[in-house]
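> Here you go, sequence then predicted model.
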Amino acid sequence: MNTLSVKVNRSGGGKFQHRKRGNKTKDLNITSLIDILTILLVFMIKNISMDSTQKNAPEGMILPTTVTINDLMESGKAVYLKIYPDRILYGTESIEVGSLQDFLNKSEIRNSLLRLLQMEAKAITSVNSKPCLLIQADKELPCRYITEFIKFSAQASFANIYFSAIHTENKNEVLGL
Amino acid sequence: MAYGPSKNRSRSQNEVREPNLIPIMNLFIVIIPMLMTIMVTVHLAMIEITLPTESAAGGGGGDDAQEQLEDLPKVITLALLPDRFEIMVEGIDDIISIPQLSTGTYDYFTLDENIARLKENNENQGTIDLLPDPTVKFDTLLRSIDICKSNNFPNIKYLTSLTKYYKAK
């Protein structure tokens, strides 16, 4: 450590230079970093969406792509139903209901889901809102299950059904071109 | 007797004081990861469908009723079958059939053209009845709905029973 300081001091002019008293350590110039972060911050604030329906993309599910967008009806409140090829999840808390085969074959699974939906519909209508069912299903899922769920939700007073998809501006993507 | 200003004081007044950016940095370090976690990268869309309802068949007769019946928009039914699309228009015997381009590849482009033509011929109709085969994939269903909606058929009625498709003779 001492050797290094001697070398540095000698390079100045041959003589030892006395350090000035109170010589300040050099500050890191973070102004450019602040500039970048400010731009990032503005960009993110601009792009952020507070729409709760856009933040619930289900993990591990490949959704179909669509051009058109429908808004949730006025005073409508959505109940989520995520249908994976191997399981069904209910609500925003993703409560596991069972597999698709269980749903089709086991009456207790159907009854418990029906009770859940009915309770939810009742709770929504009690606050003067309209119950809406938002079905998020994997693109490879056969329509048999979708039809079953639509019939099922109609029994539980869900007259407004919505399908979830990934939005695109490119219609050719939907047309498969 | 007044003393002159000290050397240290005059030195500190001449130096340009840099703002303390450390608190701002701390704030940014918290805000930016928070925004990154809640930022929407994939925009989700919602597609609305309507359920079939029992239409009330009203009585009444005469010329006015006949004219009203003629003004009623024709029912258009789009069937999604495992190997083709079929479009049936009420009162027209010919069914438009759009076969698949290859196995598993539907011809969405021709479907789009046909739906657009149907809209030109039935401007007062805003509803298409959709009848998917149980084996058809959800992706095909949603693309078909999207094509109908993008051609000014905002109401998609999801038929849940096959019996509605065939005409009683």
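Everything's here; your move.
> could you give the mean pLDDT of the biggest helix by length in chain A?
Secondary structure of chain A per DSSP state H: the longest helix is helix A:107-126. Per-residue confidence for helix A:107-126 averages out to 88 on the pLDDT scale.
> Mind checking if that helix is in reach of chain B?
No - applying Cβ under 8 Å from any Cβ of the partner chain, one finds helix A:107-126 separated from chain B by no less than 14.3 Å. Quick note: C-beta positions are derived from backbone N, CA and C, even for glycine.
> C-terminal to that helix, what's the next element?
strand A:130-137 (DSSP states H and E).
> helices or strands next to that next one in the packing?
Taking 3 or more Cβ pairs under 8 Å, 6 or more residues apart in numbering or on different chains; DSSP states H and E as the contact definition, the neighbouring helices and strands of strand A:130-137 are strand A:76-83, helix A:107-126, helix A:143-155, strand A:160-167.
> Okay, now the unreliable bits of chain B?
Within chain B, the set of residues satisfying pLDDT under 70 comprises B:1-15, B:40-41, B:53-71, B:161-169.
> try chain A
Scanning chain A with the threshold set as pLDDT under 70 gives A:1-25, A:27, A:49-56.
> go with 80
Within chain A, the ranges that satisfy pLDDT under 80 run A:1-30, A:46-58, A:75, A:92, A:177.
> Now do the buried residues in the longest helix of chain A.
By neighbour count, and taking 16 or more other Cβ atoms under 10 Å in any protein chain shown as the criterion, the buried residues in helix A:107-126 are A:Ile109, A:Arg110, A:Leu113, A:Leu116, A:Leu117, A:Glu120, A:Ala121, A:Ile124.
> Could you export those residues as TSV, including distance to B:Ser102?
As requested, the buried residues of helix A:107-126 are arranged in TSV below (distance: Cβ to Cβ, whole Å):
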residue	distance to B:Ser102
A:Ile109	38
A:Arg110	38
A:Leu113	38
A:Leu116	42
A:Leu117	40
A:Glu120	43
A:Ala121	44
A:Ile124	45
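> Where do the domain boundaries of chain B fall?
Structural domains assigned to chain B are B:7-38, B:73-162, following automatic domain parsing.
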